[in-house]
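Colleague: build me a model:
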Amino acid sequence: MKKIIFALIFISNAVFAQNLKYKMEGVWESENKKQRIRVTYNEATKKYNGKVIWMYEDDQEQGRTLIDTKNPNPKLRNRRVTGINLMYSFIDEGEGKYRGYVYDPISGKSYRCLLTMIGENKANIRGYIFHPLIGRTEIATKISD
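Modeller: Numbering: from 1, shown residues only. I've put the predicted structure just below:
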């Protein structure tokens, strides 16, 4: 009887662990619904990156343009924010956690970032300076694959 219970616990844990492996790739929308990022995986570098595909502040159809004027590289200060990688070099740490960097085009600064999946279509994104305790968290929602 103990062997059967142990086997059932082992199988249920294996099934639960598989369910924790959510897919990070896809289109994500910010908590305030003002940004959409397409996350892709680069097989060569084994890293995830997230490119801006739409941003409220940079919606040319509505007559708004946001330029990356604060970029530390003067050669990049004339580019539109739509199309740049705001999330880069994310590495899968397992158990639904990814670490990398986020770029803030408003300040021109990059921050360390911890992304934690909290469901199949939700993630906590915590940008921080030195340690995750010193930072800010937002919730993103996956809107498509």
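
Colleague: now the strands for this structure?
Modeller: Assigned by DSSP state E, the chain shows strands spanning 26-29, 35-42, 47-55, 85-94, 97-104, 109-119, 122-128, 135-144.

Colleague: okay, these in CSV with mean neighbour count and mean pLDDT next?
Modeller: C-beta: built from backbone N, CA, C; applies to glycine. Formatted as CSV, the strands of the chain follow (neighbours: other CB atoms under 10 Å; pLDDT from 0 to 100):
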stretch, mean neighbour count, mean pLDDT
strand 26-29, 18, 97
strand 35-42, 18, 97
strand 47-55, 19, 97
strand 85-94, 16, 96
strand 97-104, 17, 96
strand 109-119, 17, 95
strand 122-128, 18, 96
strand 135-144, 14, 95
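
Colleague: of those strands, which is nearest T65?
Modeller: strand 47-55 (10.2 Å; CB to CB).

Colleague: the closest one: partners in the sheet, and parallel or antiparallel?
Modeller: strand 35-42 (antiparallel), strand 85-94 (antiparallel) (DSSP bridges).

Colleague: and those strands as JSON lines, adding distance to W54?
Modeller: Shown next, in JSON lines, are the strands paired with strand 47-55 (distance: least, CB to CB, whole Å):
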{"stretch": "strand 35-42", "distance to W54": "4"}
{"stretch": "strand 85-94", "distance to W54": "12"}
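
Colleague: out of those strands, which gets nearest to E25?
Modeller: Among these, strand 35-42 comes nearest to E25, with 5.4 Å by CB to CB.

Colleague: residues in contact with the closest one: which ones?
Modeller: 24-30, 47-56, 86-87, 140, 143 (CB atoms under 8 Å, 6 or more residues apart in numbering).

Colleague: can you state the direction angle for it and strand 122-128?
Modeller: Calculated by axes from the mean of the first three to the mean of the last three CA atoms, to 10 degrees, strand 35-42 forms an angle of 90 degrees with strand 122-128.

Colleague: next up, the contacts around M24.
Modeller: Per CB under 8 Å, 6+ apart, neighbours of M24: V39, Y41, Y48, F90, D92, Y98, L115, M117, A123.

Colleague: then V102?
Modeller: V102 neighbours (CB under 8 Å, 6+ apart): L86, M87, Y88, S110, Y111, C113, I125, G127.
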